[in-house]
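A.B. asks: Give me coordinates for this.
(one chain, ligands or ions: 1)
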Amino acid sequence: MLDLAFIRSNPDVVKEAARLKNNSIDIDALLALDQQVVALQHTVEDTRAKQNQLSKGIQQAAKEKNTELRNNLIAEGKKLAEFIKAKEPELTQLVEERYNQLLLVPNIPDPSAPVGKDENDNVPIKYWGEAPNFEFKALDHYDLMLKHDLVDIERAVKVAGSRSYALRNDAARLELALINFAMDKMARKGFTPLIVPAMARDFAFVGNGQFPKGRDQVYEIKDQDLFLVGTAEVSITGMYKDEIIKGEELPLKFVGYSPAFRQEAGTYGKDTRGVFRIHQFNKVEQYIICKADHEESVFWFEQLLQNAEELIQALELPYRVVNVCTGDMGDGKVGMYDIECWVPSEGRYRETHSCSYLHDWQARRGNIRYRDEEGKVKFAHTLNNTAIASPRILIPLLETHQQADGSIRIPEALRPFMGGQEYIGR
Ligand SMILES: Nc1ncnc2c1ncn2[C@@H]1O[C@H](COS(=O)(=O)NC(=O)[C@@H](N)CO)[C@@H](O)[C@H]1O
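C.D. replies: Sure thing, here's the model as predicted:
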């Protein structure tokens, strides 16, 4: 959410941001509604002021034993009270309507973000590693998983429906190893490890930005104010709602694990083979709450990206970083880089990580504030990036490290988390 004062004084900047982000919000209508609210607030306040004057007059008339004047003033006071009683529900309703519109206003993208419509307009800014050149017939991730008895999709689909899977044998151990590997590396970088709730209340999704717009992507627990999170980011944003953090404690740096649940509405028929796009997966999330300063946010944005790059390089996976365009980054972001790992069987890069900075757009929605060194209370800045999301990361991992004999090499960095094992299938 943007500061209403900012929208009032910079309507064209906000309209341009909405245009760049394919966001259909009507800023003129929002500002007209805002003027209605302000006018009605003034009317109610003026009426209250008149009521106070009247009560003084009534006391004075009583003192002077001027019964007629006193009765007239009391009658007038009753009329004012009725007027306020009639106007208050209208004012409450308009304020709520304005708030609901404010939730739909996008953040202002950084000028460095490419202007574009969708992911095809994202701009690659860095490449790392050489795509493997197999001297043998390489298999795709699903065939490799079947070959080594690493997955059971049929029985998972039986129990959980489409886009479900069960990991078996070394794939189950590999996923846990990857989660441990990521948590361990980030903890050693001073990030506080968290295992957070995978169910959260409505307010956490509003604070994070998934509600109201992305509600169709979220699973709801029937008859309770509880929803399954699509990322630990939602739970962490919700955990710090309404807090005023001591400035000297910032930045808060979290590495949060949680299962992630997504309806994947609108992706029918896309990526249906294997485990690329599923309804439930596991993710280790980097999350930062820092002071409200652009340079500070950009610093942590680069740090979060670098952390993920270090993890991927340790897994020896070729990848590229893309600067996400305005039409693909979503409402809340100021800037966003995706990391895409090379998937040999597809002969292209596929997204495995997403790194964003949002300035105070989330903190304003979730009321996350801090007290700075002058004692001023301000909305904080928030940032997030994937550390590891599995099983999607297994796709480049298994494919890239497959050997001529069909076995799969486990990268050095992962072996300590796999009991020292060096290969799958040897
Ligand atoms: N339906 C899905 N199935 C498998 N993996 C997914 C799915 N949706 C997202 N992911 C993985 O989770 C990563 C982060 O998801 S994201 O929506 O892009 N970004 C976030 O959730 C942020 N909180 C940063 O992690 C993706 O890059 C991808 O690797």
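
A.B. asks: what number of residues lie near the residue of the stretch 51-200 of the chain found nearest the ligand?
C.D. replies: Shortest the stretch 51-200 of the chain-to-the ligand distance, computed as CB to the nearest ligand atom: residue-wise this is residue 163, at 7.5 Å. Every residue, glycine included, has its C-beta placed from N, CA and C. Number of residues near residue 163 (other CB atoms under 10 Å) recorded here: 20.

A.B. asks: got it, and residue 422?
C.D. replies: When counting by other CB under 10 Å, one arrives at 13 neighbours for residue 422.

A.B. asks: So it sits against residue 409, correct?
C.D. replies: Yes - distance between residue 422 and residue 409: 7.0 Å, which falls inside the contact criterion (CB atoms under 8 Å).

A.B. asks: Helix, strand, or coil at the residue lying farthest from the centre of the chain?
C.D. replies: Relative to the mean C-alpha coordinate of the chain, counting by CA atoms, centre = their mean, the farthest residue is residue 65 (66.3 Å). With DSSP: H, G, I helix; E, B strand; the rest coil as the basis, residue 65 sits in coil.

A.B. asks: what residues go with each domain of the protein?
C.D. replies: Structural domains of the chain, as assigned by the TED database, span the residue ranges 4-103, 119-424.

A.B. asks: what separates the last one from the chain centre, distance-wise?
C.D. replies: Right, domain 119-424. Between the mean C-alpha location of domain 119-424 and the chain-wide mean there is a distance of 11 Å, by CA atoms, centre = their mean, to the nearest Å.

A.B. asks: coming back round to it: single out the most deeply packed of the domains of the chain.
C.D. replies: Ranked by mean neighbour count, the domains of the chain are led by domain 119-424 with a mean of 19 (mean count of other CB atoms under 10 Å).

A.B. asks: first vs last residue of it, how far apart are they?
C.D. replies: For domain 119-424, the separation between the terminal residues is 35 Å (CA to CA, to the nearest Å).

A.B. asks: could you give me the average pLDDT of it?
C.D. replies: Looking at domain 119-424 alone, the average pLDDT works out to 98.

A.B. asks: Helix or strand: which one has residue 245?
C.D. replies: Using DSSP states H and E, residue 245 maps to strand 244-246.

A.B. asks: Return the list of strands paired to that strand, each annotated with direction.
C.D. replies: Next to strand 244-246 in the sheet, as set by DSSP bridges, lie strand 369-371 (parallel).

A.B. asks: contacting residues around the closest residue to residue 409 other than its chain neighbours?
C.D. replies: The spatially closest residue to residue 409, leaving aside those adjacent along the chain, is residue 401, at 4.3 Å (CB to CB, 6 or more residues apart in numbering). Residue 401 is in contact with 316, 408, 409, 410, 411, counting by CB atoms under 8 Å, 6 or more residues apart in numbering.

A.B. asks: what do you get if the cut-off is 10 Å, keeping everything else the same?
C.D. replies: 132, 144, 315-317, 407-411, 414, 423-424 (CB atoms under 10 Å, 6 or more residues apart in numbering).

A.B. asks: List the backbone torsions phi and psi for it.
C.D. replies: Recorded main-chain torsions at residue 401 are phi -100, psi 10, according to degrees, to the nearest 10.

A.B. asks: just the one 5 residues further on next, same as before
C.D. replies: Residue 406 adopts backbone torsions of phi 90, psi -10, taken as degrees, to the nearest 10.

A.B. asks: ok, now which ones touch it?
C.D. replies: For residue 406, the set of contacting residues under the criterion of CB under 10 Å, 6+ apart consists of 136, 137, 139, 143, 144, 147, 148, 424, 425, 426.

A.B. asks: helix, strand or coil for the second one?
C.D. replies: Each residue gets one of three states, and residue 137 gets coil by three-state DSSP.

A.B. asks: ok, it to residue 143 distance?
C.D. replies: With distances defined as CB to CB, to the nearest Å, the gap from residue 137 to residue 143 amounts to 10 Å.

A.B. asks: mind listing the strands in the stretch 51-200 of the chain by residue range?
C.D. replies: In the stretch 51-200 of the chain, strands defined by DSSP state E, counting those that start in this stretch lie at 123-128, 192-195, 199-200, listed in chain order.

A.B. asks: Same list (the ones you listed) but as TSV, adding distance to the ligand.
C.D. replies: Converted to TSV, the strands of the stretch 51-200 of the chain look like this (distance: least, CB to the nearest ligand atom, whole Å):
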stretch	distance to the ligand
strand 123-128	16
strand 192-195	13
strand 199-200	13
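
A.B. asks: any chance of these in JSON lines, plus distance to residue 74?
C.D. replies: Converted to JSON lines, the strands of the stretch 51-200 of the chain look like this (distance: least, CB to CB, whole Å):
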{"stretch": "strand 123-128", "distance to residue 74": "71"}
{"stretch": "strand 192-195", "distance to residue 74": "61"}
{"stretch": "strand 199-200", "distance to residue 74": "52"}
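
A.B. asks: Tell me which of those strands lies nearest to residue 20.
C.D. replies: strand 123-128 (14.6 Å; CB to CB).

A.B. asks: Can you tell me what sits against that closest one?
C.D. replies: Applying CB under 10 Å, 6+ apart, the external contacts of strand 123-128 come out as 112-114, 116, 305, 309, 312-313, 317-325, 337-340, 342, 349.
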